[in-house]
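Visitor: Below is the structure, and that's it, no one-letter string:
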């Protein structure tokens, strides 16, 4: 059924859980995976005052570097799990834009969410929510362990 | 990896796709499935009316039939399946309770174009807010069966 699984990552613990879940499923279904990291243009995410504009290229490069490192780490997990994997670094795109674009080449998306307690309106990660709202590809939504513990301890 | 899959179903057009997707995943994982049908609360409010009891029984009957249909499809797909009809309980609560014994739920959403705020089914949304388990969310576009 699912042969091409898209697993977006942002390098967080939460997305690591989605990676592990996605790799387990890929293994069970003999599917291959694509890890996706979106590098957003800092101009869209932080206020770039004219006085700091000169830092812009440097910040962007650092963000890209973080992306490469996250993808490398994911690739390593795939190799350990003996799952065929490739990586995509989407430049100057928001995560949901990048996911909605890349999912055209996938038949399942595995997304981690942090599921914050209390804030009902922001229960899903905003990215997971934005994707589910607009996608036509099935999504496996994985809740982060951290949240599980928080709930268990609550 | 997933051994016990919960598939809550109702009479919405989306549930065909949900059943299909859930059975396929179960088959490939050697998992068993539970079809859950919840007879909603508001039905109980008509209790006390002259026709209340009959109406309620007919809702139960509709649930039984939907579940029997799903069971048939599971048998055709060679997937071990059981059914569970829950009544007098809020749908999201009933699903959350049933999830305790399962390791994945398959649920549908109606991906209505334009109405982005209403895109998740309200039950699906409520379940996902409170659940700790993974969910396979299947989107049914408007008009899709």
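Guide: Nice, thanks for sending it over. The shown structure was predicted, so the numbers you read here are calculated from the model rather than taken from an experiment. Numbers count the residues shown, from 1 in each chain, chains lettered A, B, ... in the order given.

Visitor: Just the terminal-to-terminal distance for stretch B:108-127.
Guide: Across stretch B:108-127, the straight-line distance between its terminal residues is 12 Å, by CA to CA, to the nearest Å.

Visitor: and the residue of chain A positioned farthest from its centre, how far is that from chain B?
Guide: The C-alpha centroid of chain A is most remote from residue A:51, which lies 32.1 Å away (CA atoms, centre = their mean). Remark: distance between residue A:51 and chain B (CB to the nearest CB, to the nearest Å) = 37 Å. All C-beta atoms are positioned from the backbone trio N, CA, C, and that covers glycine.

Visitor: Now do the phi/psi pair for that residue.
Guide: Phi and psi for residue A:51, reported as degrees, to the nearest 10, are phi -70, psi -20.

Visitor: Contact partners for it?
Guide: Applying CB atoms under 8 Å, 6 or more residues apart in numbering or on different chains, we find residue A:51 in contact with no residue.

Visitor: is the helix or strand harbouring residue A:77 anywhere near chain B?
Guide: Per DSSP states H and E: residue A:77 is located in helix A:56-80. No. Under the criterion of CB under 8 Å from any CB of the partner chain, helix A:56-80 makes no contact with chain B; the nearest approach is 15.2 Å.

Visitor: Buried residues, that helix. List them.
Guide: Of the residues in helix A:56-80, A:59, A:60, A:63, A:67, A:70, A:71, A:74, A:77, A:78 count as buried by neighbour count, 16 or more other CB atoms under 10 Å in any protein chain shown.

Visitor: other SSEs contacting it?
Guide: Using 3 or more CB pairs under 8 Å, 6 or more residues apart in numbering or on different chains; DSSP states H and E as the contact definition, the elements that helix A:56-80 packs against are helix A:13-29, strand A:32-39, helix A:42-45, strand A:85-91.
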